[in-house]
Structure formats: structure tokens, C-alpha cells
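Asker: Any chance you could fold what I've pasted below:
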Amino acid sequence: MDVSNRRIVLLGKTRSGKSSLANTIFGEKLFTIGHSLNSETRKCQSKTKSVNGRSITLIDTPGFFGTDMSEEELKPEIVRCITECSPGPHAFLIVLKVERFTVQEQAVINKIHQYFSEEVFKYATVIFTHGDQLPEGQTIEDFVCLNKMMSDLVKKCGSRCHVIDNKYWNEDPKDKYRSNQFQVEELLKSIDKMVMENKGSCYTNEMLQAVEKEIQQEEKQIKLLSGNMSKEEVREEAKGRVHTKLLVRLAGIGTGVLLGAFLGEVGVVKGGVTGYHAAEGVDTPQEAAEKAIEAVTRFSKSKQS
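Answerer: Okay, here's the model as predicted:
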């Protein structure tokens, strides 16, 4: 698989510093920072740039694990994230602050596990923001060891953890450990090593595979009709078309996800995929939801028998 471009998804609760982290990695302000809950900061953002000789696409997912967005507002952003990271991300960055790890943080980790399965941790790295809160002379590994839940999470992620400070670590420091430039390079090296260990594969599931298949079909159609569009332009056009199609089927996907989560033997991903396929060719959200309920319920009964 070609991994010349790394697709990296940022996960974490609202105001953990994800958008600022994305800007720190890129070395410029490309992502809107959510100091206020305006429409821009509540959207999934995706940008691509070369960093230290690597082509990187960062996908920010604000509000996925917070309470600032209603379910109806959240659904289109989940769909946007799915199309942006297709055929799957090479890495997830689980973003936490340097602060006490509480049941709230653990709830976020549980939600990530619920949405992406145990497999997600094989592709994940924990990165802490607000590094200025780290006591002088203490490493992030020392800090992690102080809390069992935090330590268990990092171990799940192959002991990969890093720290940055979006506000104070941008100047040339006496201690290179407290330098964003140093920490970003260490983070990218860690991701490179992880991709090698995963044999260049990216995280995927049935939903991502189904979306990628549709994108490739759209690419074929666009190539037939377009004269001189570049490969990148064709890809972006195809993703846009599939995103629009997915929004039409959103009621089916959302209903399938919720019902799949409720019916434990189905699961979130399988429920979403079942709803996705059940809603093909429908004209209204109501019809999509009804078909999704029927399909997921039928699948659940087949698992029980």
C-alpha cells in the first residue's frame, strides 16, 4: 500500500487542544481553533501539507466525544470524517491534556473503543497538550506512570505517547524536550515506526471499505468525462460526490449505528454498515430510517438464532 501520504485522525473531547495541535504539527494556522462555538469550529476539518519531508493529511474531529453538539448536528460530521479519511487512517492521535485523568477522560476512551473497536489502539498514539503543566525535569512517561488508567491506555497504544505545548514551547528553549519542533519530529518518527509495524496498512472497517468502493466508482466516472483533471482533483471531486450521497442516506446510517449500539450482538460499525446498505436508493430520511431498523433488527435476530 502506498503510504507516501499519512492520513491522521485527531480524537479527543472538546477543548482538549486538537485544532491547536494540528496547527502546531503543520507549523502554521490552517485549522480554526474553537475558542467559541461558531459553525466553523463545530465541523470536521481536513488539511494536507508536507511536514519534514512527509505528506500528511490531518483530520480534526471536534465535538465527537463532547456534549456541545446534538446528535443531529454530529451525524453529518461523522459522515464527513468517514469520507475524508477513506480508505482509512494510518494513525489516530488520542489527544489529552496534561492534567488529572478522571472518569470523564476514561469515558472518552470507552467511546473511542465503542466506535472503532479494540483494533483502534493498534493504530493509536496518545499525545498530551498543555505541556507547560508538566513539572520541570519530568518526562511525559513519568507523568503517565502516576495514574493507572492513563498508564493502561498508553500500554494499549504500544507505549506510544508524546507531549507538546501549543502556546509556550514554540521558541528555542534551553531544554530541547520542551520544544514543539523536537516533539513533533518525535511524534512523526513514532507514527513512521507504527506504520512499519503495521506493514503499511491503515485502520479500516466495513463502513470505510464500502465508502472507498463508492469513491473509486465515482473516480472512474469522473475520469471518463473529465479532460485534464489531476489525480488529486479527481479524488476530491469523487469524495465530494460520495459525501453528498452519504448525507442522503444519513438517516439509515445513523439509525443503524444507534440500533447497533443498543443491540450489543450487532455493534456500532455493523449497525452503521447495515443501515448504509439498507438506505441505498431511498428518497426520504423517513424511509431510510425505517429500512435501517428493519435490516438491523433482522440481522440481530439471525445472530441470536
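Asker: domains of the protein?
Answerer: 5-197, 206-304 (automatic domain parsing).
Asker: looking at those domains, which one has the lowest mean pLDDT?
Answerer: Comparing mean pLDDT across these, the weakest is domain 206-304, with a mean of 73.
Asker: So in that sheet, which strands flank the strand or helix carrying Ile94, and in what orientation?
Answerer: Ile94 belongs to strand 91-97 when assigned by DSSP states H and E. Counting by DSSP bridges, the strands paired with strand 91-97 are strand 5-11 (parallel), strand 124-129 (parallel).
Asker: any chance of those in TSV, with distance to Arg160 and mean neighbour count too?
Answerer: The C-beta positions use only the backbone N, C-alpha and C, and glycine is treated the same way. Formatted as TSV, these follow (distance: least, C-beta to C-beta, whole Å; neighbours: other C-beta atoms under 10 Å):
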stretch	distance to Arg160	mean neighbour count
strand 5-11	13	22
strand 124-129	4	25
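Asker: Could you dump those strands into TSV and include distance to Gly158?
Answerer: Formatted as TSV, the strands paired with strand 91-97 follow (distance: least, C-beta to C-beta, whole Å):
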stretch	distance to Gly158
strand 5-11	16
strand 124-129	8
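Asker: Please identify which of these is closest to Met207.
Answerer: Across the strands paired with strand 91-97, Met207 has its closest neighbour in strand 5-11 (13.9 Å, C-beta to C-beta).
Asker: Beyond the closest one, next helix or strand please.
Answerer: helix 18-26.
Asker: What residues sit buried inside stretch 168-187?
Answerer: Neighbour counts over stretch 168-187 (16 or more other C-beta atoms under 10 Å) mark Trp169, Tyr177, Arg178, Ser179, Asn180, Gln181, Gln183, Val184, Leu187 as buried.
Asker: just those now: which is nearest Ala22?
Answerer: Ala22 has its nearest neighbour among the buried residues of stretch 168-187 in Val184, at 11.1 Å by C-beta to C-beta.
Asker: Tell me how far that closest one lies from Asp165.
Answerer: Counting by C-beta to C-beta, to the nearest Å, the separation of Val184 from Asp165 is 11 Å.
Asker: list residues touching both of these two?
Answerer: Overlap of the contact sets of Val184 and Asp165 (by C-beta atoms under 8 Å, 6 or more residues apart in numbering) is empty.
Asker: where's Arg178 relative to Ile140, distance?
Answerer: 11 Å.
Asker: who touches both of those two?
Answerer: Gly131.
Asker: Show me which residues of stretch 209-227 are buried.
Answerer: Ala210, Val211, Glu212, Glu214, Ile215, Glu218, Glu219, Ile222.
Asker: which strands and helices sit next to the helix or strand Lys47 falls within?
Answerer: Using DSSP H and E, Lys47 sits in strand 45-51. For strand 45-51, the packing partners by 3 or more C-beta pairs under 8 Å, 6 or more residues apart in numbering; DSSP states H and E come out as helix 18-26, strand 54-60.
Asker: Can you give the strand pairings for it, parallel or anti for each?
Answerer: strand 54-60 (antiparallel).
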